[in-house]
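Asks: Okay, here's the prediction I keep looking at, along with the sequence it came from:
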Amino acid sequence: MNNVLEFMGKDHDRLDGVFKDFRSAMNSDISKAKQLFHDFKTGLQKHIVWEEEILFPLFENKTRMFDEGPTAIMRMEHRQIKDFLEKIHKRISEKDCDVELLQAGLIEVLTEHNNKEESILYPWIDKETSELEREEAFAKMKNLSPEKYCKCCGE
Ligand SMILES: [Fe+2]
Ligand SMILES: [Fe+2]
């Protein structure tokens with residue numbers, strides 16, 4: 001195991017599923033929608049910390065591409081994604097359910113971003129790192145402190 005593409009691709013799919021459930025709950029059950037958005041937001045924040053602190057450095061340290069190259073662009077896209085999360089979160093907590101446009105914007109950025117990771121970055125990591133390096137990365141991901149990503153609804 002220790003396949004980055006498989007593991008992270010599955011997490012993309014899992015998060016897509018939570019977001020889809022959130023969107024349909026917005027039309028029927030607001031408190032359920034809030035819970036689902038909370039799960040989505042903290043889950044995606046965790047996923048981003050895994051990438052920025054553990055997986056991207058595997059690429060950056062080997063290629064010496066830090067401020068330019070694919071991970072620099074992906075870090076910038078993460079900031080856009082997190083900005084959408086905060087804006088949607090604010091609307092929902094103010095009981096304003098008009099989040100259609102923000103949702104569409106988030107999906108647009110996120111879809112292309114995830115596709116790039118799955119087609120370029122994750123396969124590169126699987127190919128260019130050793131089994132041991134990936135084992136260490138997965139261990140770090142597992143032990144990540146929740147304070148790093150559990151920021152939602154006043155937590
Ligand atoms: Fe990402
Ligand atoms: Fe990702």
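Replies: Received the coordinates, thanks. Ligands and ions are numbered 1, 2, ... in the order given.

Asks: Report the distance from stretch 123-132 to the chain centre.
Replies: Here the centre of stretch 123-132 is set off from its chain's centre by 20 Å, with Cα atoms, centre = their mean, to the nearest Å.

Asks: CA atoms of that stretch as PDB?
Replies: The C-alpha trace of stretch 123-132 is given here as PDB (Å, rounded to 0.1, in the frame of the first residue of the first chain):
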ATOM      1  CA  PRO A 123       1.700  10.000  -9.500                       C
ATOM      2  CA  TRP A 124       5.000  11.800  -9.400                       C
ATOM      3  CA  ILE A 125       5.300  11.300  -5.600                       C
ATOM      4  CA  ASP A 126       4.400   7.600  -6.000                       C
ATOM      5  CA  LYS A 127       7.000   7.200  -8.700                       C
ATOM      6  CA  GLU A 128       9.900   9.300  -7.300                       C
ATOM      7  CA  THR A 129       9.800   8.600  -3.600                       C
ATOM      8  CA  SER A 130      10.800   5.400  -1.800                       C
ATOM      9  CA  GLU A 131       8.500   3.100   0.000                       C
ATOM     10  CA  LEU A 132      10.000   4.200   3.300                       C
END
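
Asks: Report the buried residues of that stretch.
Replies: Residues 124, 125, 129 are the ones in stretch 123-132 that count as buried (16 or more other Cβ atoms under 10 Å). C-beta: built from backbone N, CA, C; applies to glycine.

Asks: longest helix of the chain?
Replies: helix 70-93 (DSSP state H).

Asks: Which elements pack onto it?
Replies: The helices and strands touching helix 70-93, judged by 3 or more Cβ pairs under 8 Å, 6 or more residues apart in numbering; DSSP states H and E, are helix 30-49, helix 56-63, helix 100-116.

Asks: Which residues does the first one contact?
Replies: Helix 30-49 is contacted by residues 8, 11-12, 14-15, 18-19, 21-22, 25-26, 78, 81-82, 85, 88-89, 92, 95, 97, 144, 148-153 when judged by Cβ atoms under 8 Å, 6 or more residues apart in numbering.

Asks: These in helices, which ones?
Replies: Counting by DSSP H, these contribute 8, 11-12, 14-15, 18-19, 21-22, 25, 78, 81-82, 85, 88-89, 92 to helices.

Asks: ChimeraX command for the buried members of these?
Replies: For the buried members of the ones in helices among the contacts of helix 30-49, the matching ChimeraX selection, counting by 16+ other Cβ under 10 Å, is:
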select :8,11,12,15,18,19,21,22,25,78,81,85,88,89,92
